[in-house]
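>>> Sequence plus the predicted model coming up.
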Amino acid sequence: MNLIACITCYDGDVDLLQRSLSYLDNQEEKPDCIVCCVSGSEEAHAKCINELEKHSYDNFNAVFYSPERKKPGGARNMLIDNVSDYHIDDVVVFCDVDDLIHPAKFKVVRQIFSECSYVDACIHDYQSVPRNVVPSEVVWDKVEHGSQYSVGLVTEHEEGSFSNVKSPLNKPIHHGHMSCKLSVLEIHRYDETMSLGEDGMFCRSIVDDPRFNLYHLDLELIAYLS
């Protein structure tokens, strides 16, 4: 099973990408490859290629470019299209370029998908930190070596045409940091017309599909800059 880290970038995100890649470099277990997409800026595309070339993984690193500036859902779909040749049981791990990543996140995700065959997709908790926080001062949930992680099936979502799914524990979920098998992404795609909320609607589409199971992990694996 490969873990494919997928990051979307825009013209103002290159400095953030450098930080995001440093978080991936410092993972206790690294992803097997990193793919990025850039839309709307040839200059940002060139900078992202230059940044990604500094990082080496077992399979490959790649930057995909669209001259058309895409909304978040379109950018994620472009990434999905470019990793579709991987095995259906490989796992795509979406990473928002401006969030901080727990150093054990990829180790935890790999363990869950390796040990729990019934998990098709997984979301987790997050913590909010000030935008000016020093990354080294973020206090993360402790992940012990050999820990067993509890996941709960997500079965409900909020009412309304555009809504998020509900955590079984009524805790805050980061819908954008979704991890899911490619078999899910062969069926479900992100809404490309939405400027906000496309990640929650994507999670909702999985909950409403009896063929797949979306699970919630009770760990804060992302720090969201507020």
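Alright, I've got the coordinates. All of these numbers come straight from a predicted model, not from anything done at the bench.
>>> Could you use CA atoms for every contact and neighbour count after this?
OK.
>>> Measure how buried C48 is and give me the count.
By other C-alpha atoms under 10 Å, 25 other residues sit near C48.
>>> which other residues reach the lengthiest strand in the chain?
Longest strand of the chain, by residue count under DSSP state E: strand 214-225. Residues from elsewhere that reach strand 214-225 (C-alpha atoms under 8 Å, 6 or more residues apart in numbering): 98-102, 104-105, 119-131, 138, 140-141, 149-154, 167-168, 174, 203, 206-207.
>>> Low-confidence ranges, the chain, go.
Across the chain, the ranges flagged by pLDDT under 70 are 55-60, 145-146, 161.
>>> That one: helices as residue ranges?
Counting by DSSP state H, one finds helices in the chain at the ranges 14-25, 42-52, 72-82, 105-115, 182-185, 198-207.
>>> Now those helices in a markdown table, please, with extra columns for distance to F162.
Listed next are the helices of the chain as a markdown table, based on distance: least, C-alpha to C-alpha, whole Å:
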| stretch | distance to F162 |
| --- | --- |
| helix 14-25 | 29 |
| helix 42-52 | 32 |
| helix 72-82 | 14 |
| helix 105-115 | 27 |
| helix 182-185 | 20 |
| helix 198-207 | 6 |
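>>> most neighbours per residue, which of the ones you listed?
Compared across the helices of the chain, helix 198-207 shows the largest average neighbour count, a mean of 22 (mean count of other C-alpha atoms under 10 Å).
>>> That one to strand 214-225, inter-axis angle?
Relative orientation of helix 198-207 versus strand 214-225 (axes from the mean of the first three to the mean of the last three C-alpha atoms, to 10 degrees): 170 degrees.
>>> quick one on the thing from earlier: which parts of the longest strand of the chain are buried?
Within strand 214-225, the residues that qualify as buried are 214-224, counting by 16 or more other C-alpha atoms under 10 Å.
>>> quick one on the thing from earlier: next step: the contacts of strand 214-225 restricted to strands.
100-101, 121-129, 151-153, 174.
>>> Pull the most distant pair out of those residues.
Checked with C-alpha to C-alpha, the ones in strands among the contacts of strand 214-225 reach their widest spread between V129 and L153, with 27.4 Å between them.
>>> And for D11, the neighbour number?
By the criterion of other C-alpha under 10 Å, D11 has 17 neighbours.
>>> show me the contacts for it.
Here D11 is in contact with 38-41, 43-45 (criterion: C-alpha under 8 Å, 6+ apart).
>>> Same question for E51.
Residues in contact with E51, defined by C-alpha under 8 Å, 6+ apart, are 17-18.
>>> try the one 10 residues further on
When contacts are counted by C-alpha under 8 Å, 6+ apart, N61 is found next to 33-35, 52-53, 55.
>>> if you set the cut-off to 7 Å instead, what comes out?
By C-alpha atoms under 7 Å, 6 or more residues apart in numbering, N61 lies in contact with 33-35, 52.
>>> distance of A62 from D15?
18 Å (C-alpha to C-alpha, to the nearest Å).
>>> Kindly report the same for L214.
33 Å.
>>> cool, M1 as well?
Distance, M1 to D15, by C-alpha to C-alpha: 30 Å.
>>> ok, back up a step: which among the ones in strands among the contacts of strand 214-225 count as buried?
Buried by 16+ other C-alpha under 10 Å: 100-101, 121-127, 129, 151, 174, out of these.
>>> CA atoms only for stretch 168-178 - export them in CSV, please.
The C-alpha atoms that make up stretch 168-178 are tabulated as CSV, following Å, rounded to 0.1, in the frame of the first residue of the first chain:
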residue,chain,number,x,y,z
PRO,A,168,-19.5,10.2,16.2
LEU,A,169,-17.9,11.9,19.3
ASN,A,170,-19.3,15.4,18.4
LYS,A,171,-15.7,16.7,18.0
PRO,A,172,-14.4,19.2,15.4
ILE,A,173,-13.4,17.4,12.2
HIS,A,174,-11.0,18.6,9.5
HIS,A,175,-12.9,17.6,6.3
GLY,A,176,-10.1,18.9,4.1
HIS,A,177,-7.5,16.5,5.5
MET,A,178,-9.2,13.4,4.1
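>>> Fine by me, thanks again.
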